[in-house]
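In: Quick one, what's the 3D model for this:
(one chain, ligands or ions: 4)
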Amino acid sequence: AKARGKGQYQAFVEEMDSEFRYRQRLKNDLAIAISEDQLKLVYQPLVDPATRRVVGCEALARWTHPELGPIAPDVFIGLAEETGQISAITRWVLQTATAECVFWPQPISVAVNVSARDLRGEDLTRYVSEALKASGLAPGRLEIEVTETALIEDREGAAAKLAALADKGIGIALDDFGTGYSSLSYLRGMAFSKLKIDRSFIADITTSDRSLKLMANVARLGQDLDLVLVAEGVETEDQLEAIARHTAIDQVQGFLFGTPLPAPETRELIARMNRR
Ligand code: C2E
Ligand code: CA
Ligand code: CA
Ligand code: CA
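Out: Numbering: from 1, shown residues only. Ligands and ions are numbered 1, 2, ... in the order given. Sure thing, here's the model as predicted:
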């Protein structure tokens with residue numbers, strides 16, 4: 001038993017070691033990925049449940065490593081936050097997404113995710129202005145998505161930065177709403193224009209009356225606060241129907257309308273869905 005315990009420990013150490021080396025390698029390669037165009041953006045539509053028209057798209061980053069294949073965004077974004085490379089990624093995403101959005105019919109907007117580290121320094125405000133200027137996109141067609149966890153570190157600093165962006169007419173969305181600790185307290189004193197209800201709430205909406213009631217009431221609360229309400233992770237017609245029938249949700253997003261797509265296919269999807 002003792003020998004096996006030791007063997008297990010050894011395996012554990014080796015695994016940790018290789019995990020560490022794997023992450024280290026990804027961090028190194030990420031620097032090259034940014035400069036050598038290995039990052040791509042895909043877009044996921046936000047749809048009006050009543051009309052089924054596309055009203056906006058969220059930009060999501062993709063990285064296909066030349067040897068290791070596709071790396072999940074949760075993984076490489078996390079690593080980029082550790083190294084500080086996130087700043088360069090956010091800048092690139094803002095530039096690319098705004099340049100694409102100007103081709104979409106007005107008033108379709110584009111949403112970009114930013115992380116805690118982006119809210120720390122002064123770069124974000126500059127990158128946003130830079131991207132709007134270069135693309136010629138109206139500020140009202142750009143949206144910034146932040147999660148509650150990104151707001152924990154420096155709450156006042158983050159609030160000030162988001163307020164400055166909101167003053168320019170840029171939309172601010174609270175992402176993954178309902179998964180953090182103090183959701184409601186963030187609704188005070190932050191310049192949000194949109195709430196995105198996390199997909200965990202939508203998952204059982206057709207089987208749980210409580211989930212449906214929760215959604216309906218969060219939507220009502222959001223309405224009272226003049227927020228646009230989004231349901232994330234809508235995967236089935238039944239879920240969409242329940243949302244449309246029983247809640248005042250303004251926009252839905254999810255695999256029901258397909259997986260996120262590259263820019264050219266996104267343009268085709270918008271044209272198809274908004275034809276009527
Ligand atoms: P997120 O901002 O909550 O993005 C939504 C995620 O849910 C995306 O995963 C999307 O593909 C997935 N999703 C959309 N609809 C459905 C559905 O109906 N069912 C299910 N099961 N999933 C759905 P993805 O692309 O893997 O991104 C994961 C996370 O990585 C994002 O979560 C976001 O936090 C982060 N991320 C992605 N791109 C960027 C970026 O450019 N910058 C930053 N800072 N973070 C990013
Ligand atoms: Ca998001
Ligand atoms: Ca989300
Ligand atoms: Ca509303």
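In: how close does P45 sit to I32?
Out: Distance check for P45 against I32: by CB to CB, to the nearest Å, it reads 32 Å. Placement of C-beta: from N, CA and C, glycine included.
In: Between these two, tell me which one has more neighbours.
Out: Higher neighbour count among P45 and I32: P45, with 24 against 12, using other CB atoms under 10 Å.
In: so who does the spatially closest residue to the more buried one that is not a sequence neighbour touch?
Out: Spatial nearest neighbour of P45, chain neighbours left out: V54 (4.4 Å); criterion: CB to CB, 6 or more residues apart in numbering. By CB atoms under 8 Å, 6 or more residues apart in numbering, V54 lies in contact with 45-47, 108, 269-270, 273-274.
In: V54 bridge partners, please.
Out: V47 (DSSP bridges).
In: Test for you: state the pLDDT assigned to the closest residue to S135 other than its chain neighbours.
Out: Residue nearest to S135 in three dimensions, not counting chain neighbours: T98, with 3.9 Å by CB to CB, 6+ apart. The score at T98 is 98. That number is its pLDDT.
In: Which helix or which strand is home to T98?
Out: helix 86-101 (DSSP states H and E).
In: Just name whatever secondary elements that helix is in contact with.
Out: With contacts taken as 3 or more CB pairs under 8 Å, 6 or more residues apart in numbering; DSSP states H and E, helix 86-101 sits against helix 2-35, strand 39-47, strand 54-65, helix 73-83, strand 109-113, helix 123-135.
In: That one close to ligand 2?
Out: No: counting by CB under 5 Å from the ion, ligand 2 has no neighbours in helix 86-101; the shortest distance is 11.5 Å.
In: Contacts made by that helix with the rest, please.
Out: Contact partners of helix 86-101, identified using CB under 8 Å, 6+ apart, comprise 34, 39, 41, 43, 57, 59, 61, 77, 80, 108-110, 112-115, 117-118, 121, 123-124, 127-128, 130-132, 134-135, 137, 141-142, 263, 266.
In: which of the residues you listed come close to ligand 1?
Out: Contacts with ligand 1 within those, as defined by CB under 6 Å from any ligand atom: 61, 77, 113-115.
In: Closest residue of the stretch 1-150 of the chain to ligand 4?
Out: D48 (11.0 Å; CB to the ion).
In: Now for the residue lying closest to that residue once chain neighbours are set aside, how many residues are close by?
Out: Counting by CB to CB, 6+ apart, D48 lies nearest to V55, which is 5.3 Å off, once chain neighbours are set aside. By other CB under 10 Å, the residues close to V55 number 17.
In: same check, this time on D238
Out: 13.
In: What of T98?
Out: T98, neighbours per other CB under 10 Å, totals 24.
In: cool, L227 as well?
Out: 20.
In: Quick test: name the residue nearest the centre of the chain.
Out: When CA atoms, centre = their mean is applied to the chain, the residue found nearest the centroid is N113 (4.4 Å).
In: any idea how far that residue is from D224?
Out: 27 Å.
In: which bits of the stretch 51-200 of the chain sit near ligand 1?
Out: 60-61, 72-74, 77, 93, 113-115, 175-176, 199.
In: can you do 5 Å?
Out: 60-61, 73-74, 77, 93, 113, 115 (CB under 5 Å from any ligand atom).
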